[in-house]
Structure formats: C-alpha cells, structure tokens
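Peer 1: what's the 3D shape of this:
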Amino acid sequence: MSFSRTNSLRNLASASVVALSTLLLPPATAVDFSEQNSRTAPAWLRDGVVYEIFPRAFSPQGDFNGITAKLDELKELGVNVLWLMPIQPIGEKLRKGTLGSPYAIKDYYGINPEFGTAEDLKRLVAQAHQRQMKVILDMVANHTAWDSVMMQWPEFYKQKDGKIVPPVPEWTDVAGLNYENPKLREYMIQMLKHWIDPKTFNLDGFRCDVASMVPTDFWEQARVELEKVKPDIMMLAEASKPELLLKAFDLDYSWPLHGTLNQVLLHGAPATELRRSWEDSRKQFPRGALHLRISDNHDEARAVARFGIRGALAASALMFCLDGVPLLYNGMEVGDATESGDPALFEKLPIFWRPKERPPLREIYRNLASLRRTYAAFRNDLVIWLRNSDEANLVTFLRLDEKDEFVVAVNFSNRPIVGWVEVMHDQEFKPLKVAGMPDAVPGAFPLFRLNGFEWRIYHRQVTK
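Peer 2: Here you go, the predicted structure:
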C-alpha cells in the first residue's frame with residue numbers, strides 16, 4: 001500500500017480497531033480514554049531502545065563502575081536509554097534472601113555502598129550523557145523497608161488497627177506508604193527532584209515501580225514539579241492503567257501483550273491472540289499512548305528459559321517491530337539464562353556473558369535497533385495487520401510511513417510454515433538482510449518459507 005498523506009495511513013491503521021469497537025463497547029459508566037490524547041513523550045524516548053540493568057548482576061564486581069566500563073558496548077548495541085534498577089540501601093529487617101530485594105529501600109536519598117559512591121554514580125551518568133545515552137532510575141514509591149529512615153514518621157505509612165502494614169500481605173519485607181498524607185507527598189516530590197537535579201545526579205527520569213498502586217493524582221502532582229527541574233524528563237509506569245498516560249507518564253508496560261505472548265508460546269493459544277491483545281489496548285488507551293514492549297524482565301524467568309532460544313528471539317522481533325519502545329534486559333543480548341525474579345532477586349547471580357550454543361544474538365539485536373534508528377516507519381504508531389495463510393501460527397503486519405513500507409512475518413510455531421501474506425504492491429517488496437538470520441529465497445514474496453520460530457522483514461520504498 002502506498003499513500004500520500006499521513007492521515008490516510010493513520011485512518012487505515014485504526015480500521016481494524018473500529019471494526020471491533022461495536023462488539024466490545026466498555027460499560028456505560030466507564031471512562032473512554034481512547035477519545036482523549038495521551039501526553040506527548042520526549043522525542044528521544046519515542047526513538048529509544050531501553051536497556052534494564054540489575055547492577056548487582058550486570059558485572060562480576062556488581063557496581064556502578066562495572067556498568068560504566070560497558071557503556072561503549074551498550075552504545076554499539078543501539079541502546080540509548082539505561083534503566084538502573086533500585087540503587088539505594090536495602091533494608092535488613094524482614095529482608096528476603098541473603099541480600100534482600102532492591103525494592104525494599106531503607107533510605108531514598110542513600111546509595112547502596114555495594115554499588116560504589118555518589119561520585120561513581122555521577123561519573124556513570126556523565127559518561128552515558130557523553131555517548132548521547134539517557135539514564136533513568138527505578139523508583140519504588142509505593143513502599144519502603146521496615147527499617148526505613150522514614151519510620152520516624154509512622155503517619156507516612158498505611159496502618160490497620162494501629163499497626164503499619166505491607167501494601168500486599170505477601171510482600172512481607174516492605175511497608176506500604178500512605179499517600180493521603182500531604183507531608184508524605186511533599187517528602188517524595190523533594191526526593192524525586194534530588195535525583196534529577198543537574199547539581200546532584202542529573203538523572204533523566206524514573207521507572208516507577210507498581211505505579212498503579214500509588215494514586216494517579218500524586219503522579220500528576222509530581223510531574224508538574226519535576227518538569228520545573230528537568231522539562232524533558234521521562235516517566236515510565238510499571239502499570240497498564242490508561243489514566244496514567246494522560247498527564248503523568250510518557251509510557252507504561254505492555255503487560256497485556258506480554259501476558260498474551262506467554263499464552264501463545266507456552267500454552268498453545270493461537271497467534272491471532274497477539275493481534276487481539278494489541279487491538280484491545282488501542283481501544284482502551286488514550287490516542288498516541290506509548291507502551292514499553294517487553295518479552296523479558298526481572299519479574300519472571302528469562303525469556304530464553306520460558307520460550308527457548310528461537311522462541312525468545314521471535315518474541316523479541318515482534319517487540320522491536322511493533323509500535324512502542326522495545327526493552328532489552330540485563331544480558332538478553334547474549335541469551336543469558338541466569339535466573340531472575342523471586343527468589344533470584346534476593347541473591348547475587350551475575351550474568352553469564354558467554355553461554356554456549358547461542359545464535360549471534362548481539363548482532364541480531366544490533367541490527368533490529370539499527371533498523372528502528374534508520375527508518376521512521378518503525379518509530380510511529382502505524383500498524384496494519386495483514387491476512388496470511390496460517391493465522392493460528394503466523395503473525396504478519398505492515399509498518400509504514402510516506403517513504404517506506406515493511407512487512408514483518410513471525411512464525412510463532414516450532415514447525416516450518418510455507419505460506420503467503422496478502423499485501424498490495426507485493427512484487428515490490430524485497431527481503432531485508434538481518435545479520436545472523438537465514439537469507440530469504442529471492443523473488444518469492446508474497447510466498448515464503450519460515451522455519452520454526454523464524455521471522456523475516458521485507459521492505460518496499462514508496463514512490464510518489
């Protein structure tokens with residue numbers, strides 16, 4: 001398909017959503033966020049590739065200097081946003097595991113001495129900025145450790161029958177904060193400013209843990225104040241809550257799509273569920289909403305452990321090629337399968353940087369990041385789902401702008417597929433060479449053969 005105007009592209013991209021909207025109307029009392037606009041994210045974020053770092057596990061020494069030493073490697077990979085998991089001192093009272101969870105913070109203003117000094121952190125941020133990379137900090141605003149310095153103000157905490165309680169009964173190592181207290185809000189906003197202030201650490205924003213458990217109006221209040229310090233701040237919500245993207249946050253997690261990915265690759269759900277999940281989010285979220293596209297993260301087993309190496313790579317190809325901002329997690333680029341999540345979150349399990357029998361994942365991810373950087377069609381929100389010959393196993397869609405069109409085909413089964421995709425100007429598409437991936441048969445498109453979990457990208461330059 002070729003078009004001369006962006007509006008035409010956008011209308012076509014939303015056509016499949018409109019077709020289903022009459023069947024899946026929200027309850028009459030529900031807020032229709034799809035009729036509102038999301039806040040506009042900084043351009044550097046929309047064009048970003050985020051890399052999540054668990055400092056304890058990222059290097060043998062497990063500190064800031066171990067991250068600084070690898071900045072050139074991360075830059076060469078195509079990463080431009082570094083997300084540091086929490087770096088503050090960890091509570092000792094009721095801690096889980098040997099080292100405790102980094103999400104049980106003892107002092108919001110402190111730095112875990114295991115990671116180094118304030119000067120080490122400042123050097124890491126400054127060195128990243130010199131390489132045109134942003135650095136954001138994981139902020140745990142919903143709860144603290146039981147021996148937090150804030151316990152001197154018990155009114156800052158949620159209480160039941162006069163006793164401070166965890167935010168969720170199972171989270172026994174943390175105590176829930178009470179955002180009905182204006183003094184707590186003031187404390188937290190001043191603390192957030194501390195980390196982004198150019199005179200202190202000059203961080204570029206926050207990934208906000210369990211953001212939906214903190215009142216939305218606090219985040220909106222904080223955003224106004226933080227922008228006074230850093231106008232182009234980035235705010236990432238660990239949530240899937242449409243109202244958060246109206247004023248407070250620039251993007252959130254695509255948790256629904258991630259859950260659907262697990263259903264398809266682990267439980268045999270048809271690949272059509274991926275399209276359905278994407279369309280459902282389009283109907284529920286504000287216009288222009290930006291989502292972090294994840295297939296791996298610190299909250300569960302590694303993708304290579306869940307999906308196998310080829311399945312994990314197919315999942316990554318989908319996340320890099322869809323709209324939104326893709327995430328790489330802590331050694332994902334080498335296929336590290338070291339445990340993460342509970343209980344590994346509470347121990348020291350360093351990345352194994354040279355696992356055996358892996359495809360050239362670093363090269364493949366570098367190519368995918370380069371593709372996003374080179375072609376604006378991969379950085380907009382225009383996605384056209386395409387009909388194909390085996391929709392239970394095969395996902396096909398078009399990414400496009402006024403200069404380029406790309407057909408992405410991903411086989412989500414472990415069996416070879418010989419099939420076709422339905423797209424206009426099919427004879428003009430040529431397969432893109434992605435380093436580390438098998439070459440396509442030249443001249444066959446729109447017919448193709450994909451091995452189990454194989455994927456391919458085809459390109460057509462639009463002529464006016």
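Peer 1: mind listing what the residue nearest to the spatial centre of the chain touches?
Peer 2: Centroid check for the chain by Cα atoms, centre = their mean gives Leu292 as the closest residue, at 3.2 Å. For Leu292, the contact set (Cβ atoms under 8 Å, 6 or more residues apart in numbering) comprises 50, 236, 251-254, 324-327. Using the backbone N, CA and C atoms, a C-beta is placed for each residue, glycine as well.
Peer 1: one more: Val408?
Peer 2: Going by Cβ under 8 Å, 6+ apart, Val408 touches 317-318, 321, 395-399, 455-457.
Peer 1: a markdown table please, covering the residues you listed and showing distance to Asp107, pLDDT and secondary structure.
Peer 2: Shown next, in a markdown table, are the contacts of Val408 (distance: Cβ to Cβ, whole Å; pLDDT from 0 to 100; DSSP: H, G, I helix; E, B strand; the rest coil):
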| residue | distance to Asp107 | pLDDT | secondary structure |
| --- | --- | --- | --- |
| Ala317 | 41 | 98 | helix |
| Leu318 | 40 | 98 | helix |
| Cys321 | 42 | 98 | helix |
| Val395 | 46 | 98 | strand |
| Thr396 | 51 | 98 | strand |
| Phe397 | 47 | 98 | strand |
| Leu398 | 50 | 98 | strand |
| Arg399 | 45 | 98 | strand |
| Trp455 | 46 | 97 | strand |
| Arg456 | 50 | 97 | strand |
| Ile457 | 47 | 97 | strand |
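Peer 1: if we can go back for a sec, wait, a helix at the residue nearest to the centre of the chain?
Peer 2: No - per DSSP: H, G, I helix; E, B strand; the rest coil, Leu292 lies outside any helix segment and is strand.
Peer 1: picking up where we left off before, pull the most distant pair out of the contacts of Leu292.
Peer 2: Asp252 and Pro326 (14.3 Å; Cβ to Cβ).
Peer 1: in strands, which of the contacts of Leu292 appear?
Peer 2: Among those, the members falling in strands (DSSP state E) are 50, 236, 251-253, 325-327.
Peer 1: which of those count as buried?
Peer 2: Taking 16 or more other Cβ atoms under 10 Å as the criterion, what is buried in the ones in strands among the contacts of Leu292 is 50, 236, 251-253, 325-327.
Peer 1: what ranges do the helices span in the stretch 251-400 of the chain?
Peer 2: For the stretch 251-400 of the chain, applying DSSP state H, counting those that start in this stretch gives helices covering 255-267, 272-284, 303-321, 361-374.
Peer 1: most packed of those?
Peer 2: helix 303-321 (a mean of 23; mean count of other Cβ atoms under 10 Å).
Peer 1: what angle separates that one from helix 361-374?
Peer 2: Using axes from the mean of the first three to the mean of the last three Cα atoms, to 10 degrees, the inter-axis angle of helix 303-321 relative to helix 361-374 is 20 degrees.
Peer 1: angle of helix 303-321 against helix 272-284?
Peer 2: With the same axes, to 10 degrees defining the directions, helix 303-321 sits at 50 degrees from helix 272-284.
Peer 1: just checking, what packs against helix 303-321?
Peer 2: helix 255-267, strand 290-293, strand 325-329, helix 361-374, strand 394-400, strand 404-411, strand 455-461 (3 or more Cβ pairs under 8 Å, 6 or more residues apart in numbering; DSSP states H and E).
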